[in-house]
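Engineer: predicted coordinates and the sequence they were generated for:
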Amino acid sequence: MRYSDWVLITPSGIRYDALEPSQIVELDMEGKAEGRMKPSSEWRFHLDLYRARPEVGAVVHTHPPHGTAVAVLRRDLPAFHYYVAAAGGTTIRCAPYATFGTQLLSDYVLRALEDRTACLLANHGMVTIGPTLEEAAQLSVEVEVLCGIYLQALAAGEPHILSDDEMQEVLDKYDEYRNPTPRKPWETGGR
Ligand SMILES: [Zn+2]
């Protein structure tokens with residue numbers, strides 16, 4: 001997560017259930033690490049996302065089973081459910097494959113996350129972003145659930161995909177929900 005002019009990131013090679021606060025690594029915006037531990041091997045895309053997108057307060061990167069299974073198919077998660085729009089668009093993109101920890105992977109992740117808050121990583125996993133750690137983590141769980149439902153639907157038949165118009169209506173509603181137009185007193189009965 002972003003913390004003032006710093007990035008706090010989990011260390012490389014420590015089990016999360018054994019992780020102590022003192023083992024969290026501080027990175028400056030140039031990627032210089034403070035602390036005893038080495039940062040996560042994926043520090044490049046974490047840092048590049050904070051640098052490129054000032055609205056991002058947290059980045060969550062995971063290898064969850066359903067999200068990774070869709071990423072192994074190297075397939076964008078299509079608009080098979082209206083909730084795909086929760087990540088900001090009509091699909092959740094799958095970034096092309098690149099070796100973990102490389103600048104190339106970071107470039108692919110940033111491109112796949114354009115106008116989005118979630119993406120899959122081919123043959124690897126998933127990334128979500130948000131204004132806070134809670135929101136990025138919540139979205140990560142929601143995208144994993146969506147990927148599970150998509151795989152079940154694929155196994156049972158051919159999922160029906162919502163049209164761009166149908167998804168645009170959902171995206172407009174989300175916009176309205178996030179940035180409500182202030183109501184005039186005569187629209188709310190004076191309340
Ligand atoms: Zn990874």
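Structural biologist: Done, it's in.

Engineer: CA atoms for contacts and neighbours, from now on please.
Structural biologist: OK.

Engineer: what's in contact with whichever strand or helix holds residue 120?
Structural biologist: Element membership of residue 120, judged by DSSP states H and E, is strand 118-121. Strand 118-121 has contacts (C-alpha atoms under 8 Å, 6 or more residues apart in numbering) with 67-68, 70-71, 76, 87, 92-97, 109, 112-113, 126-129, 139-140, 143.

Engineer: repeat that for 7 Å
Structural biologist: Outside strand 118-121, the residues that touch it by C-alpha atoms under 7 Å, 6 or more residues apart in numbering are 67, 71, 87, 92-97, 112-113, 126-129.

Engineer: so of these, which ones are in strands?
Structural biologist: Using DSSP state E, 94, 95, 126, 127, 128, 129 are the members of the contacts of strand 118-121 that sit in strands.

Engineer: out of the contacts of strand 118-121, who's the most crowded?
Structural biologist: residue 129 (30 neighbours; other C-alpha atoms under 10 Å).

Engineer: I'd like to know how many residues surround residue 53.
Structural biologist: Residues near residue 53, counting by other C-alpha under 10 Å, number 12.

Engineer: show me where the chain has strands.
Structural biologist: So, for the chain - with DSSP E - the strands run 2-3, 6-9, 25-28, 33-34, 58-62, 94-95, 118-121, 125-130.

Engineer: now do the lengthiest helix in the chain and strand 58-62, the angle between them.
Structural biologist: Longest helix of the chain, by residue count under DSSP state H: helix 133-156. Per axes from the mean of the first three to the mean of the last three C-alpha atoms, to 10 degrees, the angle that helix 133-156 makes with strand 58-62 is 40 degrees.

Engineer: quick one: buried residues of helix 133-156?
Structural biologist: Using 16 or more other C-alpha atoms under 10 Å as the test for burial, helix 133-156 gives 133, 135-137, 139-140, 142-144, 146-148, 150-151.

Engineer: could you redo the residues you listed as TSV and give each row pLDDT and distance to residue 51?
Structural biologist: Putting these into TSV (pLDDT from 0 to 100; distance: C-alpha to C-alpha, whole Å) gives the following:
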residue	pLDDT	distance to residue 51
133	97	17
135	97	19
136	98	17
137	98	20
139	98	21
140	98	21
142	98	25
143	98	24
144	98	26
146	98	29
147	98	29
148	98	32
150	98	33
151	98	34
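
Engineer: quick one, phi/psi of residue 93?
Structural biologist: Here is the backbone geometry of residue 93 (degrees, to the nearest 10): phi -70, psi 150.
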